[in-house]
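Participant: okay, predicted coordinates and the sequence, questions at the end:
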Amino acid sequence: MHSIKVNDDFDLKKISDSGQCFRFNECIDVPVDDPALSVFSVAAGDRHLVIKDMGEGRYELDCSGDEYENFWKNYFDLDLSYSDIRARIDPEDDPYLYNASEFGKGIRILRQDPWEMLISFIISQRKNIPAIKASIEKLCALAGKEIYEDEHIGTIYSFPTAQDLAALTMDQLSSCSLGYRDKYVHQAALDVASGAVDLKAWEKLDDDGLMENLLKLFGVGVKVANCEILFGYHRLNAFPRDVWINRVLEEHYADGFNFEAYEPYNGIMQQFLFFYGRLNA
DNA sequence: AGGCAGGTTCTTA
DNA sequence: TAAGAACCTGCC
């Protein structure tokens, strides 16, 4: 058990519902002393965390202080001030973005694993969020290993490694409701497991080089590549354009969005626009 | 019951 | 090079 106090924007509910992560859920079945408290289950790679929101910026984590300092603090990107970045939005200059940022205040861009994000966003194409979560859940249960068990939360499995997925048959893969994406996942697993694709080494590439390499992957187009760059490589200026964002840009930014004003954090603005646009549809 | 969901690939001109 | 169709599956 480890307690922390966070002074910056930090809203677990919004993060879990922001569409950047698929194994981060509120545990509505976990009993709490005070109904105002909320509990979340977070799975990342082969780690799992139960984090309880105690109110007023205080949180209780079921991990050691060491594990918090060495992993979760970084995972939640707690060294970056999101309120400072939000403060760059001028309500006079861009009232829509300002409203979106007020609405989405508390969202942070998690530092997630490139491999897990690559597979997750390959799966995401033409699926809604519940369907994405269901597929990933099945994949983890089938090919991951058990990492956590609780009577209320259930069993949590690690995200399968490339080797884990490469070892699956196509029949096993398609049993995870991947649909036509099964072959994309299979190929990505082979590429990474064989070493032909080295996601870790790609961290050293510049933005253009990274994009170029990602687009060569089977089943990865511009949108998935941008999600990978933003969420998997934590390059906060990436701006994925999906149907929701395109809708927002068409309806509210006919004269163009002011990307120059928010560099190098346009990806955070994208999250605000996405979250606001999707929940107000 | 038909259309659509956080796209990408394949085909055609 | 650029549209347009096809694609799995589940859920409204």
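Facilitator: Here it is on my side, so go on.
Participant: quick one: A:R47 and A:Y148 touch, right?
Facilitator: No: look at A:R47 against A:Y148 with C-beta atoms under 8 Å: they stay out of range, at 9.0 Å. Placement of C-beta: from N, CA and C, glycine included.
Participant: show me what from chain A comes close to DNA strand B.
Facilitator: A:18-20, A:124-129, A:131-132, A:180, A:217-225, A:227, A:240, A:242-245, A:270, A:274 (C-beta under 7 Å from any atom of the strand).
Participant: for the residue of the stretch 1-150 of chain A found nearest DNA strand C, helix, strand, or coil?
Facilitator: In the stretch 1-150 of chain A, the residue that lies nearest DNA strand C is A:R126 (4.9 Å; C-beta to the nearest atom of the strand). Under DSSP: H, G, I helix; E, B strand; the rest coil, A:R126 falls in the coil class.
Participant: tally of neighbours for A:N70?
Facilitator: Other residues within reach of A:N70, judged by other C-beta atoms under 10 Å, total 11.
Participant: what are the phi and psi angles of the residue lying closest to A:E60 once chain neighbours are set aside?
Facilitator: Leaving out its chain neighbours, the residue that sits closest to A:E60 by C-beta to C-beta, 6 or more residues apart in numbering is A:K52, at 4.4 Å. The phi/psi pair for A:K52 (degrees, to the nearest 10) reads phi -110, psi 130.
Participant: would you confirm that A:K52 contacts A:V32?
Facilitator: Yes: at 7.4 Å, A:K52 counts as touching A:V32 under the criterion of C-beta under 8 Å.
Participant: quick check: neighbours shared by those two?
Facilitator: A:S38, A:V39 (C-beta atoms under 8 Å, 6 or more residues apart in numbering).
Participant: which of the two has more residues huddled nearby?
Facilitator: Neighbours around A:K52 and A:V32, counted as other C-beta under 10 Å, are more numerous at A:K52. The numbers are 20 against 14.
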